[in-house]
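Trainee: no sequence on this one, just coordinates:
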């Protein structure tokens with residue numbers, strides 16, 4: 001990564017990155033998936049590959065805040081089912097980053113996000129028509145395990161190559177029937193563990209270094225205000241609106257990646 005470019009961003013570009021950092025905090029405590037807008041902003045201001053390494057520490061700070069707020073609501077059986085598949089996805093994503101260029105990364109992630117949003121909307125419509133609400137422990141069937149593995153690999157892959165695993169995880173948790181607090185608590189621990197585990201891979205690829213961390217230090221101060229806004233907002237959003245906002249954020253993020 002040519003870290004010298006980090007010292008040549010304009011005031012407006014830094015303001016855009018600060019707004020993206022604020023959105024990270026908001027997404028971690030309110031509408032998961034909104035940080036796809038953040039990654040699109042980072043990729044627009046900075047080189048796409050470099051942006052993933054710079055965004056990662058910002059995301060980890062947001063994850064820490066979310067864990068502190070929603071730690072009592074995590075569903076650990078779901079997390080243990082997902083982690084092996086996610087690990088495989090991270091390895092595949094690392095290999096992909098070795099040879100893929102920026103355009104291939106953006107296109108691949110954008111397509112995956114839009115497909116996942118479409119599948120989730122279809123599943124939720126089917127469930128409402130059947131007047132049933134699946135519970136988180138209802139994913140123990142063979143089909144449920146296969147779904148967990150599929151989403152886990154996709155989440156690991158997308159989070160490694162573009163920090164875009166949030167929407168994939170969101171689609172999985174919605175399809176599994178998680179309510180707001182369980183959704184936020186489970187995803188908080190999931191991404192804290194996954195994002196921390198990605199640091200050695202990102203550093204090894206040259207996506208994180210001393211200069212990138214200096215820029216991160218200037219940006220993380222904007223994460224807390226976003227998290228506080230999200231914590232205030234989540235108590236005022238009903239479940240149906242919450243689901244629609246998550247899906248909408250996923251669609252917007254996927255479309256931005258395809259069009260950028």
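Mentor: Arrived safely. All figures in this text were calculated on a predicted structure; none of them were measured in a lab.
Trainee: Please tell me how far residue 190 sits from residue 32.
Mentor: According to Cβ to Cβ, to the nearest Å, residue 190 and residue 32 sit 10 Å apart. The C-beta positions use only the backbone N, C-alpha and C, and glycine is treated the same way.
Trainee: Okay, buried residues for the host helix or strand of residue 155 please.
Mentor: Using DSSP states H and E, residue 155 sits in helix 142-162. Neighbour-count burial for helix 142-162 flags 144, 147-149, 151-162 (criterion: 16 or more other Cβ atoms under 10 Å).
Trainee: go on, stretch 173-185?
Mentor: 173-178, 180, 182-185.
Trainee: quick one: the helices in the stretch 151-260 of the chain?
Mentor: 165-175, 180-204, 210-219, 223-234, 239-259 (DSSP state H, counting those that start in this stretch).
Trainee: how far off helix 142-162 does the second one point, in degrees?
Mentor: Angle of helix 180-204 versus helix 142-162, following axes from the mean of the first three to the mean of the last three Cα atoms, to 10 degrees, is 50 degrees.
Trainee: With the shortest one instead?
Mentor: Our comparison of helix 210-219 with helix 142-162, counting by the same axes, to 10 degrees, yields an angle of 110 degrees.
Trainee: Quick check: neighbours shared by residue 190 and residue 32?
Mentor: residue 169 (Cβ atoms under 8 Å, 6 or more residues apart in numbering).
Trainee: Tell me which of the helices of the stretch 151-260 of the chain is the most buried.
Mentor: Mean neighbours per residue, mean count of other Cβ atoms under 10 Å, is largest over the helices of the stretch 151-260 of the chain for helix 165-175, with a mean of 27.
Trainee: who does that helix touch, helix- and strand-wise?
Mentor: helix 35-45, helix 102-129, helix 142-162, helix 180-204, helix 239-259 (3 or more Cβ pairs under 8 Å, 6 or more residues apart in numbering; DSSP states H and E).
Trainee: Reformat the ones you listed as a markdown table; add mean pLDDT and distance to residue 61.
Mentor: Formatted as a markdown table, the helices and strands packed on helix 165-175 follow (pLDDT from 0 to 100; distance: least, Cβ to Cβ, whole Å):
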| stretch | mean pLDDT | distance to residue 61 |
| --- | --- | --- |
| helix 35-45 | 78 | 12 |
| helix 102-129 | 69 | 22 |
| helix 142-162 | 78 | 16 |
| helix 180-204 | 89 | 10 |
| helix 239-259 | 73 | 20 |
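Trainee: Need the ones you listed in a markdown table (columns: distance to residue 81).
Mentor: Shown next, in a markdown table, are the helices and strands packed on helix 165-175 (distance: least, Cβ to Cβ, whole Å):
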| stretch | distance to residue 81 |
| --- | --- |
| helix 35-45 | 23 |
| helix 102-129 | 18 |
| helix 142-162 | 5 |
| helix 180-204 | 11 |
| helix 239-259 | 21 |
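Trainee: Does residue 92 belong to a helix, a strand or coil?
Mentor: Here residue 92 is recorded as helix under DSSP: H, G, I helix; E, B strand; the rest coil.
Trainee: can you pull the contacts of it?
Mentor: Going by Cβ under 8 Å, 6+ apart, residue 92 touches 153, 156-157, 160.
Trainee: Mind doing that once more with 6 Å?
Mentor: Contacts for residue 92 (Cβ atoms under 6 Å, 6 or more residues apart in numbering) come out as residue 157.
Trainee: ok, it to residue 157 distance?
Mentor: Residue 92 is 5 Å from residue 157, by Cβ to Cβ.
Trainee: got it, and residue 35?
Mentor: 17 Å.
Trainee: tally of neighbours for residue 27?
Mentor: Residues within reach of residue 27, counting by other Cβ atoms under 10 Å, total 28.
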